[in-house]
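1. next input, structure requested:
(chains A and B)
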Amino acid sequence: MKIPGPVGGWVSAVAALLLFPLFVGGSMFWLSLAGAQAAMILAVTKAYQDAARWRAPAAERAEGPPAAG
Amino acid sequence: MSENAVERPPLPALTQALVGPPGKVLLPLVAVAGLIVLDYTSMPGGGSFTPLLAGLALFVGTAVVWVARFAVGLLRSDGRPGLRRHWVRWAAAPVMGVIVTALVLTGAPFSARFALSESGLEQFARTVAADTGTVRREDQWVGLFPLTSIERVPGGARFLVSDTGFIDRYGFAWLPGGAPAEESHSEYTHLEGPWYVWESRF
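-> A predicted model of the protein is given here:
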């Protein structure tokens, strides 16, 4: 599955979710932590996808242009 | 060298960092979090609360990042070779966590700090106990402890360690004749020899 958005955006979401309990109190701590962990996993997955595409641009070009839509 | 390789924009630094092993940022942050926790537990009754909270926040943040990077690296076929190649760097953060936890559970940070300071503290306590004047002593570092509320007591001396405890405050009492009778706002816990941990209750 291709992760949408930039890696930096996902990392920003992680930071926001980790800071969130500071503003709303400790009651949301575990929920925010779980959200931050999920966002970080998406950020790293996206980074791997970007890196794989960056490493093999020639291979992608050999496959031809991406289909429209 | 192909022309395409020159034209290709570099991989963003953040992307490079996330697909690589823990390095210049994550490992020092884990070490700092560990040192903050070790410093906190090396004080009688625990050190200052604010740095501890910062250290725990740092620990949670680094754990979230490490777990995600390790899990994704492990699950992806293009991530596993990196885990094998840089296993020492991957192992460094959890090893630091285990070492810090073990040291905290065994009370080693407090024992080590007290042992390193004991001779200086004893020399200082003898001076305070022998002091017959009424001049208040200034706060000062003795050994590895910042001391405050330094005073002579019947049979010895006692002093608090700055920024200890959350509500109550903690320090040391040097009482060669044994712990004194119960006091309303003080409690003494025997440490070793003539030394007691002095808890000054709020």
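
2. list the contacts for the residue positioned nearest the centre of chain A?
-> Closest to where the C-alpha atoms of chain A average out (CA atoms, centre = their mean) is A:Ala43, at 2.5 Å. When contacts are counted by CB atoms under 8 Å, 6 or more residues apart in numbering or on different chains, A:Ala43 touches A:Val7, A:Trp10, A:Val11, A:Ala13, A:Val14, B:Leu18, B:Ala68. Where you see a C-beta, it was placed from the backbone N, CA and C, and this is true even at glycine.

3. nearest spatial neighbour of the second one, skipping sequence neighbours?
-> The spatial neighbour of A:Trp10 that comes closest, neighbours along the chain excluded (CB to CB, 6 or more residues apart in numbering or on different chains), is A:Ala43 at 3.4 Å.

4. separation between the one you found and B:Pro28?
-> According to CB to CB, to the nearest Å, A:Ala43 and B:Pro28 sit 21 Å apart.

5. next: A:Pro4.
-> Distance of A:Pro4 to B:Pro28, computed by CB to CB: 32 Å.

6. looking at these two, which is more packed in?
-> Ranked by neighbour count (other CB atoms under 10 Å in any protein chain shown), A:Pro4 and B:Pro28 place B:Pro28 first, with 12 against 9.

7. and the average pLDDT for the helix or strand containing the more buried one is what?
-> Using DSSP states H and E, the element containing B:Pro28 is helix B:26-41. For helix B:26-41, mean pLDDT rounds to 96.

8. summarise which helices and strands that helix is packed against.
-> helix B:49-75, helix B:87-106, helix B:108-130 (3 or more CB pairs under 8 Å, 6 or more residues apart in numbering or on different chains; DSSP states H and E).

9. got CSV for those, with distance to chain A, mean neighbour count and mean pLDDT too?
-> Compiled in CSV, those are given as follows (distance: least, CB to the nearest CB, whole Å; neighbours: other CB atoms under 10 Å in any protein chain shown; pLDDT from 0 to 100):
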stretch, distance to chain A, mean neighbour count, mean pLDDT
helix B:49-75, 4, 18, 93
helix B:87-106, 14, 15, 96
helix B:108-130, 27, 16, 95
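
10. now those as a markdown table including distance to A:Trp54?
-> As requested, these are exported to a markdown table (distance: least, CB to CB, whole Å):
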| stretch | distance to A:Trp54 |
| --- | --- |
| helix B:49-75 | 17 |
| helix B:87-106 | 22 |
| helix B:108-130 | 45 |
